[in-house]
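Q: Quick one, fold the following:
(one chain, ligands or ions: 4)
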Amino acid sequence: MSRSPLAPRVSLPKVPSRQAVTCPYCFAATSAHRIPFRCRGQAGRRAGCAPVLDEKLAAYTGSAAGASLPPVFAAPGRGGRADCPACGQPTGSRVCGECHNPLPSAYCEAPGRIVALVGAKNAGKSTYIAVLLHELMNRVGTELDASLVACDDRTIERYKRDFARPLLEERRLLPTTASAATSPREPLVYLLTRTRRGRFARERTDSLALVLFDTAGEDLRSREVRDLHLRYLEAADAIIFLVDPLELPGAGSALAGSPPPPDADPDAEPVNIIARVTEALRLRRGMKPGERLPVPVAVALTKIDVLVPEMARQSALHRTRSGTGVLDLDDRDAVHEQVRSLLHEWQAGRLETFLGQQYADFALFGLSALGGVPENGRVGPGGVRPHRAEDPLLWLLYRFGMLDGVRGRGA
Ligand SMILES: Nc1nc2c(ncn2[C@@H]2O[C@H](COP(=O)(O)OP(=O)(O)O)[C@@H](O)[C@H]2O)c(=O)[nH]1
Ligand SMILES: [Mg+2]
Ligand SMILES: [Zn+2]
Ligand SMILES: [Zn+2]
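A: Ligands and ions are numbered 1, 2, ... in the order given. Model (predicted):
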């Protein structure tokens, strides 16, 4: 009998958290007690420093708009607070020393884990980002008793304008992501925080930084953007790869309707994208041949609503996730096995082989952000009905020790 692909995961150590704090905007690492502060500034009758143009922040965002802020200063910052040397006011706001973006205190205290999202053009990244964040802010957030908070105002604005409003309110498909030449090269940065009562009634708070770049595929050809993305991937403590099943060569017959896209470009093939990213990661991390990368990797087939209905019967992938507030490990194994056999059926078995050779810890998923096939540039008549969109994230939370795994719940 062949070794179960799921077996080795059980004995793997929990992913260690890092000592230094990595900025989720520019990925510079700073030791936890050297993080600078930003003065609280004037407010109402409170005295404080006046806003000045923050040149580092303006350079990062590419605009002086919104970069007029109270000054940044260095201080030892015991207990996450310091007094501004200019005005004497205490402050608890910290920023990255390199780019001056805010670093939430929960993130500084319990150095967060950075989760990166990668996928070929058209894999469903933008749609997934819109839906996953909405799920985390609502249904899934409530289930896990977790809060998802944007780390800066630009993230809030961009999520509303570019993701939530068009897709969830107006039910229009998202336009192809504009090239970074015309849109900011900034990630959306969120902190997912979960507080749980542990043993001896002690509370324990864990956080995870979700750093989401929504990049146009062609941007990876630009050197500057590629460098930023490599830093992003290098800093990532976990990666979610999104794979469009329509791009898998053998999947055609299993899928309802939609023929493969006409501009089939070998560069955009999921296996090749994953291979390129993996190669870059190995190089940057100085991995020896045969050594497997330790970052947990979730590989998710998107758009599984296109699988023909016959396949849906008795399928782990198609039933709703079982377990509430926990990760049901039996359900997890069943979905992994099903996606694995789908990949083999679709002559994409080499994807799994490759992942097994390169990563010590990977898991396979299938999800649908929309829950149905869109028509004429719009979401289907039933609206956006995500299916298992949160699964990869729940698994990562489990791997980070932020969510309990249970067995024997029954399906
Ligand atoms: N059937 C189906 N199609 C989807 C789903 N998510 C995205 N798509 C389709 O895939 C296209 C590309 O998605 P998008 O999120 O823009 O991909 P990106 O280029 O990776 O950002 C969309 O225009 C939709 O037509 C889904 O859950 N189900
Ligand atoms: Mg996009
Ligand atoms: Zn930074
Ligand atoms: Zn001040």
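Q: Could you use CA atoms for every contact and neighbour count after this?
A: Noted.
Q: Tell me where the stretch 1-150 of the chain has helices.
A: Assigned by DSSP state H, counting those that start in this stretch, the helices in the stretch 1-150 of the chain fall at 7-11, 55-61, 105-109, 125-137, 139-144.
Q: List the buried residues in the longest helix belonging to the chain.
A: Longest helix of the chain, by residue count under DSSP state H: helix 329-345. Residues of helix 329-345 classed as buried by neighbour count (16 or more other Cα atoms under 10 Å): 329-333, 335-340, 342-344.
Q: Give me the phi and psi angles of whichever residue of the stretch 101-250 of the chain sits closest to ligand 3.
A: At 5.9 Å from ligand 3, Asn101 is the closest residue in the stretch 101-250 of the chain, using Cα to the ion. Phi and psi for Asn101, reported as degrees, to the nearest 10, are phi -80, psi 150.
Q: Now it: closest residue in space that isn't a chain neighbour?
A: If the residues on either side of it in the chain are set aside, Asn101 comes closest to Val95, at 5.3 Å by Cα to Cα, 6 or more residues apart in numbering.
Q: The one you found reaches Arg38, doesn't it?
A: Yes - at 6.7 Å, Val95 and Arg38 qualify as touching, with contact defined as Cα atoms under 8 Å.
Q: Quick check: residues of the stretch 201-350 of the chain near ligand 1?
A: 303, 305-306 (Cα under 6 Å from any ligand atom).
Q: What residues are bridge-paired with Val52?
A: Under the criterion DSSP bridges, Val52 forms beta bridges with Leu69.
Q: Is it correct that it is in contact with Ser68?
A: Yes - applying Cα under 8 Å, one finds Val52 in contact with Ser68, separated by 5.1 Å.
Q: So which of the two has more stuff around it?
A: Using other Cα atoms under 10 Å as the criterion, Val52 and Ser68 rank with Ser68 on top: 15 against 12.
Q: returning to what we had before: tell me, which of the residues of the stretch 201-350 of the chain next to ligand 1 make contact with ligand 2?
A: Among those, no residue sits close to ligand 2 (Cα under 5 Å from the ion).
Q: In contact with Pro270, which residues?
A: By Cα atoms under 8 Å, 6 or more residues apart in numbering, Pro270 lies in contact with 119-120, 243-244, 247-248.
Q: can you check Pro85 too?
A: Going by Cα under 8 Å, 6+ apart, the list of residues near Pro85 reads Phe73.
Q: pLDDT value on it, please?
A: Predicted confidence (pLDDT) for Pro85: 95.
Q: And the one 5 residues further on, by the same measure?
A: At Pro90, the predicted lDDT confidence score is 94.
Q: Could you do Glu157 as well?
A: So Glu157 comes in at 93 (pLDDT).
Q: before we move on, the earlier item: contacting residues around the residue of the stretch 101-250 of the chain closest to ligand 3?
A: Asn101 touches 25, 57, 95, 152, counting by Cα under 8 Å, 6+ apart.
Q: what about the third one, neighbour count?
A: The burial metric for Val95, expressed as a neighbour count using other Cα under 10 Å, is 21.
Q: Do I have it right that Gly383 meets Leu173?
A: No - with contact defined as Cα under 8 Å, Gly383 does not reach Leu173; the gap is 11.3 Å.
Q: Val52 versus the residue of the chain most remote from its centre, what's the distance?
A: Distance to the chain centre peaks in the chain at Arg45, reaching 40.8 Å (criterion: Cα atoms, centre = their mean). Applying Cα to Cα, to the nearest Å, the value for Arg45 to Val52 is 19 Å.
Q: what's the answer for Leu327, then?
A: Leu327 is 48 Å from Val52, by Cα to Cα.
Q: which stretches of the stretch 251-400 of the chain have low pLDDT?
A: 252-268, 308-313 (pLDDT under 70).
Q: Pull stretch 392-402 out as CSV, backbone CA atoms only.
A: Below are the C-alpha coordinates for stretch 392-402, written out as CSV (Å, rounded to 0.1, in the frame of the first residue of the first chain):
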residue,chain,number,x,y,z
PRO,A,392,-7.5,27.1,2.9
LEU,A,393,-7.4,29.8,5.6
LEU,A,394,-8.9,27.5,8.3
TRP,A,395,-6.3,24.9,7.5
LEU,A,396,-3.6,27.6,7.9
LEU,A,397,-5.0,28.7,11.2
TYR,A,398,-4.9,25.1,12.3
ARG,A,399,-1.3,24.8,11.2
PHE,A,400,-0.4,28.0,13.1
GLY,A,401,-2.1,26.6,16.3
MET,A,402,-4.9,29.2,16.1
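Q: What residues sit buried inside that stretch?
A: So for stretch 392-402, counting by 16+ other Cα under 10 Å, buried means 392-400, 402.
Q: Same question for stretch 295-311.
A: 295-307.
Q: Enumerate the residues of this structure near ligand 4.
A: Near ligand 4, when you scan the chain using Cα under 5 Å from the ion, you find 39, 48-49, 84, 86-87.
Q: Name the member of the residues you listed with the most neighbours.
A: In the residues of the chain next to ligand 4, the most neighbours by other Cα under 10 Å go to Cys39, 28 neighbours.
Q: That one touches Ala82, doesn't it?
A: No - look at Cys39 against Ala82 with Cα under 8 Å: they stay out of range, at 9.0 Å.
Q: quick one: common contacting residues for those two?
A: Counting by Cα under 8 Å, 6+ apart, the residues touching both Cys39 and Ala82 are 90-91.
Q: and Leu367, what does it touch?
A: 300-305, 317, 386-389, 391 are the contacts of Leu367 under Cα under 8 Å, 6+ apart.
Q: From ligand 2, how far off is it?
A: 17 Å (Cα to the ion, to the nearest Å).
Q: just Glu247 next, same as before
A: When Glu247 is compared with ligand 2 (using Cα to the ion), they lie 16 Å apart.
Q: correct me, but that residue touches Val271?
A: No - assessed by Cα under 8 Å, Glu247 is found out of contact with Val271, at 9.8 Å.
Q: bridging residues for the residue nearest to Asn101?
A: Pro102.
Q: and it, what does it touch?
A: 35-38, 72, 101-103.
Q: Mind listing the shared neighbours of Val95 and Arg38?
A: Val72.
Q: The closest residue to Asp145 other than its chain neighbours in helix, strand or coil?
A: Distance criterion Cα to Cα, 6+ apart; nearest residue to Asp145, sequence neighbours excluded, is Arg194 at 6.5 Å. Arg194 falls in the strand class when you classify it by DSSP: H, G, I helix; E, B strand; the rest coil.
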